[in-house]
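**Student:** Just a sequence and a predicted model for now, questions to come.
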Amino acid sequence: MRRWLGLALVLLVAQSTPGASVLPGLTSPLGILKDAISAPETLDYEGTKVIVTYRGKNLEAITVAELHKRPYAYRMEYLSPEGIAGRILVDTGEESWHYEPSVHLVVRGPSLGRRNPEELNALPENYHVRLLGIERVIGRPAYLIDLVPKAEGVQRRFWIDRATGLILAWQESDAERGVFFASTFTRIAFARDLPVAMFRFRPPARARVVDLRAEGVRLVRLSELAQRAGFRPVAVAELPPGYRYQGGGISRFGGLGAVVLRYGDGASAVSLFQVPARRMAFPPGGEVVRFDELGARLYPFGYFRVLMWERGGILFAAVGSVPLATLAAFVRGTDPSGEEQRVTAAARATGLPRDGILLLRDRGATFEEILRTSADRRVKPPPSLVEVVERFHDQIRLEGPQR
Amino acid sequence: MRPHIERLLSSFLDEEVTSEERREVEALLRRDPEVRALYEDLRRTRDLLRALPERSLPEGFVEEVLRRASMERGPGFRFLWTVRDLFRSVRARTVLVAAAVCALLVVGVGPLLRTEWERLRAGEVGVEFVVREHTVLVSRDPLTDRAYLGVVLTDTNLQLAGEHPRAQGQEASR
């Protein structure tokens, strides 16, 4: 099945010319990738895209007509499989409108259109970024960029249109699942100016309209999150290699509020949700996975995975499209036992006051990061505690993600 | 005899006088033989009444009086009377007590049941809730496919909007 997935992509990537490793006049592979991320902000296009990925234990092929108007507007018209045929998603860059014709339903939701290229800054630290050559995709010359994780993680390959900088195809794979995601345009046309009307949406007559735009709060400090949420979230003590805390927030659905802490390594992201177990039960089903004495449940959802476990009266959910080992690290990292001793040990090892360690923990720092930051401090003139905290703040890019 | 003195003496016998009235009565009794005679008559009459045997009312007398009164006083009074009748029946009394206990249980246990229902309901959509939130969060990431995120967002929209979603991946194992 994995071979089929890989083969499907290979067949779609026509007339390849592998081995072109020396390409004079090019910017760096990372530069090509960064340009590709911002390319849609300067282009209008419409094309047909085929996406192949897992759905449960089976593969699913999705065909979508994708229209884009610069800088952030999209219109997706899903053509297959049958279950989503006719579905429309119009994203204005500010909000999204989803129309489901089978139930005559309109859902107004948040926008998915904007990207933050700054997220790529952490890439070189955790990934090898290589240019493998130039291949042809739907008849267009494309740079083939390979992104290989330095630790266990997801490998990505991108075919980037040499003329426009747009990503024409990509695939994702890991050691556990092989190739688990492939996406490629089978047809594309660049337009000077697509009509604005295509990116506006007016609900059809008598359609039921549901508003799911409710946006949560974005905060950084766990103490602030605790005040808003009404319970104390657990600061992760250990993270998978390369991952850093990127900010937190509160997500709401109806009367349910969950604290979400966001972690990333520059390419992959994991969201860690925490909600008091008295407010949310385990979802039904899922595959039971054991970590020592702790039982967790794994729920696949498309190419995302959700791992849920309960500890200390809190129900945790780690979500991402990452290997199971990466999600498992969050299970270990949320064990609160020994926190006090580790704070004391970190204070002793770094020479920082205990309150300073607690302050860093409140900002999502792991003990390993605290020790590493402190080691950096030793080779420079000793700054004040405030400077240490602020430097740490900058280092782990604590600006909460903006929606 | 002045009516005022008769009323005062009667109250004095029933011990329903103020200290000032008591002093006034005692002074009158000391200096006025006519008042003293009247006082003795009143006292004997009272003692005689107290000596009479107590007679009970005929059975149903009070009920009959109240029933007739209720017919004159309107439906509210008749309702109270009906409730009183119900409590006279052992069987009806048992049913009413059981109903009261149930009402107390509903008031007391209801919030607990509601909390548990909400907890289970949150669990029912828990996976879709966290996946949808994660999808919105990672949409900011550069290396994500908009078209695919759109599939996930719209799939979760259906579940959260209360519509029957298309067969989801995790449902195969549910």
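**Tutor:** That came through fine.
**Student:** For the rest of this, base every contact and every neighbour count on C-alpha atoms.
**Tutor:** Noted.
**Student:** check which helix or strand covers residue A:347.
**Tutor:** Secondary-structure assignment from DSSP states H and E places residue A:347 in helix A:339-350.
**Student:** any idea how far stretch A:36-45 is from the chain center?
**Tutor:** Put simply, stretch A:36-45 sits 20 Å off its chain's centre (CA atoms, centre = their mean, to the nearest Å).
**Student:** Buried ones in it, by neighbour count?
**Tutor:** A:36-41, A:43-45 (16 or more other CA atoms under 10 Å in any protein chain shown).
**Student:** Just give me the closest of the residues you listed to chain B.
**Tutor:** Each of those was checked against chain B using CA to the nearest CA; the closest is residue A:37, at 5.9 Å.
**Student:** Can you list the helices and strands that the helix holding residue A:347 packs against?
**Tutor:** Packing partners of helix A:339-350 (3 or more CA pairs under 8 Å, 6 or more residues apart in numbering or on different chains; DSSP states H and E): helix A:354-362, helix A:367-378.
**Student:** of all the ones you listed, which lies closest to residue B:124?
**Tutor:** With respect to residue B:124, and counting by CA to CA, the nearest of these is helix A:354-362 at 31.7 Å.
**Student:** by contact count, what packs against that closest one?
**Tutor:** Using 3+ CA pairs under 8 Å, 6+ apart, helix A:354-362 is in contact with helix A:339-350, helix A:367-378, helix A:385-395.
**Student:** and the ones you listed, which one's lowest on average pLDDT?
**Tutor:** Ranked by mean pLDDT, these end with helix A:385-395 at the bottom, a mean of 61.
**Student:** Would you state the helices of chain B in chain order?
**Tutor:** Remark: helices assigned in chain B by DSSP state H are B:3-13, B:19-31, B:33-51, B:61-73, B:75-88, B:90-124, B:126-138, B:146-160.
**Student:** tell me the centre residue of the chain?
**Tutor:** Just so you know, I chose chain A. residue A:269 (3.9 Å; CA atoms, centre = their mean).
**Student:** actually it's chain B I care about, not the one you picked
**Tutor:** Short answer for chain B (CA atoms, centre = their mean): residue B:100, at 10.6 Å.
**Student:** Now tell me which helix or strand of chain A has the poorest mean pLDDT.
**Tutor:** strand A:17-18 (a mean of 40; mean pLDDT, DSSP states H and E).
**Student:** I'd like the next helix or strand past it.
**Tutor:** Next element after strand A:17-18 (DSSP H and E): helix A:29-38.
**Student:** who touches that next one?
**Tutor:** The contact list for helix A:29-38 (CA atoms under 8 Å, 6 or more residues apart in numbering or on different chains) reads A:115, A:117, A:120, A:129-131, A:145, A:160, A:165-167, B:142-143.
**Student:** And it, what's buried?
**Tutor:** Result for helix A:29-38 [16+ other CA under 10 Å]: buried residues A:29-30, A:32-38.
**Student:** Return the closest of these with respect to residue A:243.
**Tutor:** Using CA to CA, residue A:30 comes nearest to residue A:243 of these, at 19.3 Å.
**Student:** From residue A:373, how far out is the closest one?
**Tutor:** As judged by CA to CA, to the nearest Å, residue A:30 and residue A:373 stand 27 Å apart.
**Student:** and what of residue A:153?
**Tutor:** 24 Å.
**Student:** who's more crowded, the two?
**Tutor:** residue A:153 (26 against 17; other CA atoms under 10 Å in any protein chain shown).
**Student:** tell me the phi and psi of residue A:91?
**Tutor:** When read as degrees, to the nearest 10, the backbone of residue A:91 gives phi -120, psi 120.
**Student:** partner residues bridging it?
**Tutor:** Beta-bridge partners recorded for residue A:91 (DSSP bridges): residue A:74, residue A:96.
**Student:** pLDDT weak spots in the stretch 151-300 of chain A?
**Tutor:** For the stretch 151-300 of chain A, residues meeting the criterion pLDDT under 70 lie at A:215-216.
**Student:** tell me the contacts of residue A:115?
**Tutor:** Going by CA under 8 Å, 6+ apart, residue A:115 touches A:37, B:139-142.
**Student:** make it 6 Å
**Tutor:** Shown in contact with residue A:115 (CA atoms under 6 Å, 6 or more residues apart in numbering or on different chains): B:140-142.
**Student:** The residue nearest to it when sequence neighbours are not counted: neighbour count?
**Tutor:** Of all residues not flanking residue A:115 in the chain, residue B:140 sits nearest, at 4.3 Å (CA to CA, 6 or more residues apart in numbering or on different chains). Residue neighbour count, defined by other CA under 10 Å, stands at 21 for residue B:140.
**Student:** Tell me the confidence at residue B:140?
**Tutor:** Predicted confidence (pLDDT) for residue B:140: 89.
**Student:** how near is the residue nearest to the centre of chain A to chain B?
**Tutor:** Distance check for residue A:269 against chain B: by CA to the nearest CA, to the nearest Å, it reads 7 Å.
**Student:** With residue A:343 instead?
**Tutor:** Taken as CA to the nearest CA, the span from residue A:343 to chain B is 30 Å.
**Student:** Verify the stated contact: residue A:250 with residue A:262.
**Tutor:** No - the pair residue A:250 / residue A:262 is not scored as a contact, 11.0 Å apart, by CA atoms under 6 Å.
**Student:** So these two - more neighbours on which side?
**Tutor:** Comparing residue A:250 with residue A:262 by other CA under 10 Å, the one with more neighbours is residue A:262, at 26 against 21.
**Student:** Look up which residues are beta-bridged to that one.
**Tutor:** Those that pair with residue A:262 in a beta bridge, by DSSP bridges, are residue A:247, residue A:271.
**Student:** And it, how far from residue B:98?
**Tutor:** Distance from residue A:262 to residue B:98, by CA to CA: 54 Å.
**Student:** what do you get for residue A:291?
**Tutor:** 50 Å.
**Student:** ok, now residue A:246?
**Tutor:** 58 Å.
**Student:** More neighbours: the two, which one.
**Tutor:** Neighbour count, other CA under 10 Å: between residue A:246 and residue B:98, residue A:246 has more, with 23 against 12.
**Student:** That one and residue A:265 touch, don't they?
**Tutor:** No - counting by CA under 6 Å, residue A:246 stays clear of residue A:265, with 9.6 Å between them.
**Student:** Phi first, then psi, for the most far-flung residue of chain B relative to its centre.
**Tutor:** With CA atoms, centre = their mean as the measure, chain B has its most outlying C-alpha, relative to the mean C-alpha position, at residue B:143: 64.6 Å. Backbone torsions of residue B:143, given as degrees, to the nearest 10, read phi -100, psi 60.
**Student:** anything in the top strand by length along chain A near chain B?
**Tutor:** With secondary structure taken from DSSP state E, chain A has its longest strand at strand A:178-191. No - judged by CA under 6 Å from any CA of the partner chain, strand A:178-191 stays clear of chain B, getting no closer than 8.0 Å.
**Student:** Check which helices and strands that strand sits against.
**Tutor:** The contact analysis (3 or more CA pairs under 6 Å, 6 or more residues apart in numbering or on different chains; DSSP states H and E) places strand A:178-191 against strand A:44-55, strand A:167-174.
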